[in-house]
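Asks: quick one, structure for this:
(chains A and B)
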Protein chains: 2
Amino acid sequence: MVNETTRIFNASIGASAITASFELGLLEEIKSKGSLDIDSFSAENDLSVWSVTSILRVLHRFDIVAVSDDLKTATPATEFDDAYDNKGYFLWLIRGYGHLLHNLGTIVKENNCTTDGIGRDGRYIAMSGRDYGSRFVDPHFTEVMNAEPFKVAADLGCGSAERLMGLARANPEFRGVGVEVNKGAVDLARRAIDKAGLADRVQVVHFDVKNLVYQPEFEDVEVLFCFFMGHDLWPRPNCLRAFQSIRASFPSLKRFLFSDTYRSDLPVPGDTPIFTLGFEFTHDLMGQFIPNVAEWQELFEEAGWTCKAQHDLSIAYSAIFDLRPNPEASA
Amino acid sequence: MVNETTRIFNASIGASAITASFELGLLEEIKSKGSLDIDSFSAENDLSVWSVTSILRVLHRFDIVAVSDDLKTATPATEFDDAYDNKGYFLWLIRGYGHLLHNLGTIVKENNCTTDGIGRDGRYIAMSGRDYGSRFVDPHFTEVMNAEPFKVAADLGCGSAERLMGLARANPEFRGVGVEVNKGAVDLARRAIDKAGLADRVQVVHFDVKNLVYQPEFEDVEVLFCFFMGHDLWPRPNCLRAFQSIRASFPSLKRFLFSDTYRSDLPVPGDTPIFTLGFEFTHDLMGQFIPNVAEWQELFEEAGWTCKAQHDLSIAYSAIFDLRPNPEASA
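Replies: Residues are numbered from 1 along each chain as shown, chains lettered A, B, ... in the order given. Modelled structure (predicted):
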C-alpha cells in the first residue's frame, strides 16, 4: 500500500488518462466492441501507437482496462464500467477546469479567482453536461415531468433550447418558451428552432432570470424548468427576489421543476462522491456561496413556493425540487 | 468508502491544492510556525481569504491539514509531513506537466507528443528538481562522492553549474569543468561563475554529451557526475557510443558517478511509488525508452565500465551507479 500523498500524485495522471481516453474514443471502442485493437484503432484514427498505448497502460495501472502482454489489445477491467459511466465528470473537471487545476497557485496569487480569471472552458462544461446529463438527469426528469400532463412549458436558462425542441418534436400539441440571458445562445437557439420548423411552437426570449418580469409569452405556461443554475442567483436576497419574480411572472403556472446541486456539508477529513468536491471547490475558490437543502427550502417557502417533493438525482447532492406556487403567499 | 474512479477524480483536485499551497507558501508557513492564521497570512500576502480557505479545505479533506471550525486557523494533520516532503514532485507534475495533463486528448489527437508539443514547463521542472533534489539526492550523493578524495571533477549536463560552484566554494583546491549542450544555460553559468570569482577554477564547455570528444579541459578530471539525463541518451546504440566516448574523453578518470531513474517494471494493475508513474508515463507517451537496471548494467559493461556499486536514492527507482573505467576493455 502506498500513502495518501502518492495516491493523489498518481491519480492526477489517472484522471488525465481517463479524460483523454474518452476524448480519443478509446472508452467507447472498448465499451461497444468489448476490446480495442491498439494497432488498427491507432491507424484508423491517425494516432501514434505508443501514445495510445501509454494512456491505456495508465488505465491498466488503475484496473480500468487490461492491456495484453504483447501490448496489442485492451479489454475492460474491474473499474471499467464505473470509469465509463463517470467519464463526463472527468471531461468537466480536466477539460473544463484544467487550466485552473494546473495554474491554481498563479491564479490565486494574481487574485484572478473570477469566472473569467480561472479560465473555465465553457465548451467542455457543456459537452460534459450532455454526457452526464443524459445519464444521470434526463431519465429522472422525464419521469417526474410526465407524472402530470401539460401542454405549455418554459425553460429558464434554456441555452440551445434542445430540451424544448425535443418536447415539441415528441408532442405536436406542445408549446415552449425558453428564457436565456446569453445573446449568442439566444441567436443560436432561434436559428435551430427555425431550421427544425418549430418556430410556431417554440420561442426564445432574451431575458435574465435574475430580473424576470411578465411577458405575453409566459401567459399560458403551466410547467417551468430550471437546470443547475439556481445557485448562481445567490446571495440570498437576490435569489429570494428572483424566485418571487418568477412566481409573479407566470400566471398559469402549476409546477416549477427546479433542479440544482446543493452543498453537501460532508465532514472533513473524508471522501466525497464524484463531482461534489470539484463543484464545491471551484465555487468556494471564487467566494460563490452554494446553499444546502435547508437553505433552499427556507427560501422556497419565503418566496411563495411549496416544495411538494424532492427527487434526488444520480448526481450526488443534486435534486429536482417539485415546487408549486403557494396561493396563500403574498406576491 | 468511495470507488476508485471517484478517488481519482477527487485526487486531481487534491494534487492541484497541494501544488498551489506549496507555491503560495501555505505549506512552509504551517511547517515553520506549526499553524497558519488564515486572515493575517492572506492579508500579508495580498491573497483573498476565501481562495486560501478553499485550498486549505481541500487539503483538510485529504487529512493534510486541519482547518478550525471558525475557518481562522490551519494546522498540520496526519498526512502533512508526507505532503510537505513530496511537494517538489507535485510542482514537477502539476506545473511542469500540467499543460499535458489538461490537454492530453488534444495533444495525442494532433500527434504532438514531442518534448515541445507536450508543453513541458522547464522552469518548474528545474525548480521542483531543486526541492526534491536537495531532499532526496544531495545527502546520498555527497556521502558517495566524499568516500574517495578528489580535486578535479566534471559535471555532464551541468546546467547552471551550481554544483561545481558549490564544490569550488567548499574546497579552495577544487577545480571543475561543466559540460552543457544548452547555449543559454552555458552563458548563464559562465556569468554566475565570473560573478562568484570562480572563473580560474570552474569552467563550462558548450558540448553535447551525446557526442563527446576529448578537450584539454578534461585532462585532469578524476571524477565525473551526470544527473538524471542518461536515459535521454538512448536508444541503446547511441547511448553505448556516448558511454564509450565518455570513457575515451577523460584520460585521468577514476570514477563516474552516474545518477538516473530507471524503469520500474512494476506489475499492472497496482500502485507505484510517487514520481514513478509520472516519469514513466511522460516518457512512454513520447515513445522515449527508459532502460531498467539490467539494461543499464549490460550497457555499462559493453561500453567499458565496471559498476562498483549501486547506491539507491530516496527517489523511487533511482540510483547513483559508481562506475569505474575498465582498463581491460577495448576503446
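Asks: chain center to the top helix by length along chain A, what's the gap?
Replies: Scanning chain A for the longest helix, with DSSP state H as the assignment, gives helix A:4-23. Distance, stretch centre to chain centre, for helix A:4-23: 21 Å (Cα atoms, centre = their mean, to the nearest Å).
Asks: likewise for stretch A:187-198?
Replies: 23 Å.
Asks: next: stretch A:135-145.
Replies: On Cα atoms, centre = their mean, the centre of stretch A:135-145 falls 13 Å from that of its chain.
Asks: did I read that right, A:Ala309 in a strand?
Replies: Yes: assigned with DSSP: H, G, I helix; E, B strand; the rest coil, A:Ala309 falls within a strand.
Asks: ok, it - contacts?
Replies: A:321-322 (Cβ atoms under 8 Å, 6 or more residues apart in numbering or on different chains). From N, CA and C alone the C-beta is placed, and that goes for glycine too.
Asks: how many other residues sit next to A:Ser48?
Replies: 16 (other Cβ atoms under 10 Å in any protein chain shown).
Asks: do the one 10 residues further on as well
Replies: The local packing count at A:Val58 equals 28, with neighbours defined by other Cβ under 10 Å.
Asks: how about the one 3 residues further on?
Replies: Other residues near A:Arg61 number 24, with proximity taken as other Cβ under 10 Å.
Asks: before we move on, what about A:Leu188?
Replies: Residue neighbour count, defined by other Cβ under 10 Å, stands at 16 for A:Leu188.
Asks: mind checking the SS state of the nearest residue to it once chain neighbours are set aside?
Replies: Among residues not flanking A:Leu188 along the chain, A:Ser160 sits closest, at 5.9 Å (Cβ to Cβ, 6 or more residues apart in numbering or on different chains). Secondary structure assignment for A:Ser160 (three-state DSSP): coil.
Asks: tell me the contacts of A:Ser160?
Replies: Counted by Cβ under 8 Å, 6+ apart, A:Ser160 has contacts A:185, A:188-189, A:192.
Asks: quick one: A:Glu219 from chain B, how far?
Replies: 43 Å (Cβ to the nearest Cβ, to the nearest Å).
Asks: typed the wrong thing, it's A:Leu188
Replies: A:Leu188 is 24 Å from chain B, by Cβ to the nearest Cβ.
Asks: relative to A:Asp116, how far out is that residue?
Replies: Per Cβ to Cβ, to the nearest Å, A:Leu188 is found 21 Å from A:Asp116.
Asks: and for A:Glu302?
Replies: Distance from A:Glu302 to A:Asp116, by Cβ to Cβ: 32 Å.
Asks: settle it for me: which of these two has more neighbours?
Replies: It is A:Glu302, of A:Glu302 and A:Asp116, that has more neighbours when counted by other Cβ under 10 Å, with 13 against 7.
Asks: gap between stretch A:253-273 and the chain center?
Replies: Taking the mean of its C-alpha atoms, stretch A:253-273 sits 13 Å from the chain's own mean (Cα atoms, centre = their mean).
Asks: that stretch: end-to-end distance?
Replies: 35 Å (Cα to Cα, to the nearest Å).
Asks: could you pull up the mean pLDDT of that stretch?
Replies: For stretch A:253-273, the mean per-residue pLDDT is 96.
Asks: wait, does that stretch contact chain B?
Replies: Yes: applying Cβ under 8 Å from any Cβ of the partner chain, one finds stretch A:253-273 in contact with chain B at A:268-273.
Asks: follow-up on the earlier one: the longest helix of chain A near chain B anywhere?
Replies: Yes: Helix A:4-23 comes into contact with chain B (Cβ under 8 Å from any Cβ), by way of A:4-20, A:22-23.
Asks: angle of the helix or strand following that helix against helix A:4-23?
Replies: Heading C-terminal from helix A:4-23, the first helix or strand you meet, by DSSP states H and E, is helix A:26-33. Here helix A:26-33 runs at an angle of 60 degrees relative to helix A:4-23 (axes from the mean of the first three to the mean of the last three Cα atoms, to 10 degrees).
Asks: quick one: pLDDT of the residue nearest to A:Leu198 when sequence neighbours are not counted?
Replies: The shortest distance from A:Leu198 to any non-neighbouring residue, by Cβ to Cβ, 6+ apart, is to A:Ala168 (4.9 Å). pLDDT, A:Ala168: 96.
Asks: equivalent analysis for A:Ser330, please.
Replies: On the pLDDT scale, A:Ser330 is placed at 67.
Asks: now swap in A:Phe279 and tell me
Replies: pLDDT, A:Phe279: 96.
Asks: and the contacts of the host helix or strand of it?
Replies: Assigned by DSSP H and E, A:Phe279 belongs to helix A:276-285. By Cβ under 8 Å, 6+ apart, the surrounding residues in contact with helix A:276-285 are A:89, A:92-93, A:97, A:100, A:108, A:113, A:118, A:120, A:231, A:261, A:263-264, A:266, A:272, A:289-290, A:316-317, B:9-10, B:13, B:17, B:50-51, B:53-55, B:57-58, B:61.
Asks: let's see which of those residues end up in strands.
Replies: Among these, the members falling in strands (DSSP state E) are A:Thr261.
Asks: filter the contacts of helix A:276-285 down to the buried ones.
Replies: Applying a neighbour-count criterion of 16 or more other Cβ atoms under 10 Å in any protein chain shown, the buried members of the contacts of helix A:276-285 are A:89, A:92-93, A:97, A:100, A:108, A:113, A:118, A:120, A:231, A:261, A:263-264, A:272, A:290, A:316-317, B:9-10, B:13, B:17, B:50-51, B:53-55, B:57-58, B:61.
Asks: hmm, back to that, widest-spaced pair of the residues of stretch A:253-273 next to chain B?
Replies: Farthest apart among the residues of stretch A:253-273 next to chain B by Cβ to Cβ are A:Pro269 and A:Pro273. That separation is 15.3 Å.
Asks: so for chain A, the centremost residue is which one?
Replies: A:Gly129 (3.8 Å; Cα atoms, centre = their mean).
Asks: that residue is in what secondary structure piece?
Replies: Going by DSSP H and E, A:Gly129 is in helix A:122-136.
Asks: could you tell me the angle between the helix or strand following that helix and helix A:122-136?
Replies: Using DSSP H and E, the next helix or strand after helix A:122-136 towards the C-terminus is helix A:138-146. Here helix A:138-146 runs at an angle of 70 degrees relative to helix A:122-136 (the same axes, to 10 degrees).
Asks: show me what from the stretch 101-250 of chain A comes close to chain B.
Replies: Counting by Cβ under 8 Å from any Cβ, the stretch 101-250 of chain A sits next to chain B at A:101-106, A:108-109, A:111, A:113.
Asks: any quick PyMOL command for the buried ones out of those residues?
Replies: For the buried members of these, the matching PyMOL selection, counting by 16+ other Cβ under 10 Å, is:
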select buried, chain A and resi 101+102+103+104+105+108+109+113
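Asks: residues contacting A:Ile118?
Replies: Contacts of A:Ile118 by Cβ under 8 Å, 6+ apart are A:97, A:99-100, A:107, A:112, A:282, A:285-286.
Asks: mind putting these into JSON lines with pLDDT?
Replies: Converted to JSON lines, the contacts of A:Ile118 look like this (pLDDT from 0 to 100):
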{"residue": "A:Tyr97", "pLDDT": "96"}
{"residue": "A:His99", "pLDDT": "96"}
{"residue": "A:Leu100", "pLDDT": "96"}
{"residue": "A:Ile107", "pLDDT": "96"}
{"residue": "A:Asn112", "pLDDT": "92"}
{"residue": "A:Thr282", "pLDDT": "96"}
{"residue": "A:Leu285", "pLDDT": "95"}
{"residue": "A:Met286", "pLDDT": "92"}
